[in-house]
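Visitor: need a 3D model of the sequence below.
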Amino acid sequence: MTEKTILKDQDQYPSEDLIFSSIGDKKSLWLDFFDYIHTSHPDFSKEWKYYKDGHNWLYKITRKTKTIFWLSLFENGFRITFYFSDKAEEAIMQSELSDALKESFKQGKHYGKIRGLTLNFNHKEDIEYAKLLISLRLKY
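Guide: Have a look, this model is predicted:
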């Protein structure tokens, strides 16, 4: 099944109403995840920005000048993508991440010296994976 991306209209800013109507039953995961972000990482900055190269709105989460992750919406869900250098591979492989996420990183396409790792939010445990990935991103 192919995910239908949304937020393609440059003139339609991603309001909370639009986000929640788009992600459907994943709203509780969104609220729980961002409650964690606000509580545990109040120094993170968040910014919706339209990227013309991808013709899509993305939510960029940063700490100072370091990008922590990118969030994108698709019909009935959302996902976050982290970019790690090869130096993080051992820590990722030894972490509590699922085997599927580890394999995804291991087989991921290199962009110079970095690789992406994308986490789709489908279950409550995905929030725990996101927390772990945030801590790894802050470290590497």
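Visitor: can you give me the strands for this structure?
Guide: With strands called from DSSP state E, the chain shows them at 45-51, 56-63, 66-74, 77-85, 110-111, 114-120.
Visitor: wait, which of those is closest to residue 140?
Guide: Across those, residue 140 has its closest neighbour in strand 77-85 (5.8 Å, C-beta to C-beta). C-beta: built from backbone N, CA, C; applies to glycine.
Visitor: helices or strands next to the closest one in the packing?
Guide: strand 66-74, strand 114-120, helix 125-139 (3 or more C-beta pairs under 8 Å, 6 or more residues apart in numbering; DSSP states H and E).
Visitor: just put those in a markdown table and tack on distance to residue 88.
Guide: As requested, the helices and strands packed on strand 77-85 are exported to a markdown table (distance: least, C-beta to C-beta, whole Å):
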| stretch | distance to residue 88 |
| --- | --- |
| strand 66-74 | 13 |
| strand 114-120 | 9 |
| helix 125-139 | 6 |
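Visitor: could these go into a markdown table alongside mean pLDDT and mean neighbour count?
Guide: Listed next are these as a markdown table, based on pLDDT from 0 to 100; neighbours: other C-beta atoms under 10 Å:
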| stretch | mean pLDDT | mean neighbour count |
| --- | --- | --- |
| strand 66-74 | 97 | 18 |
| strand 114-120 | 97 | 18 |
| helix 125-139 | 98 | 16 |
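Visitor: okay, and the beta partners of residue 63?
Guide: residue 66 (DSSP bridges).
Visitor: I'd say it and residue 44 touch.
Guide: Yes - using C-beta atoms under 8 Å, residue 63 is in contact with residue 44, at 5.6 Å.
Visitor: how about residue 14, phi and psi?
Guide: Residue 14 adopts backbone torsions of phi -70, psi 90, taken as degrees, to the nearest 10.
Visitor: what's the answer for residue 41, then?
Guide: Residue torsions, per degrees, to the nearest 10, at residue 41 are phi -140, psi 60.
Visitor: residue contacts, it?
Guide: Taking C-beta atoms under 8 Å, 6 or more residues apart in numbering, we find residue 41 in contact with 63, 134.
Visitor: what about it, distance to residue 134?
Guide: Residue 41 sits 7 Å away from residue 134, taking C-beta to C-beta, to the nearest Å as the criterion.
Visitor: I am finished for the moment; much appreciated.
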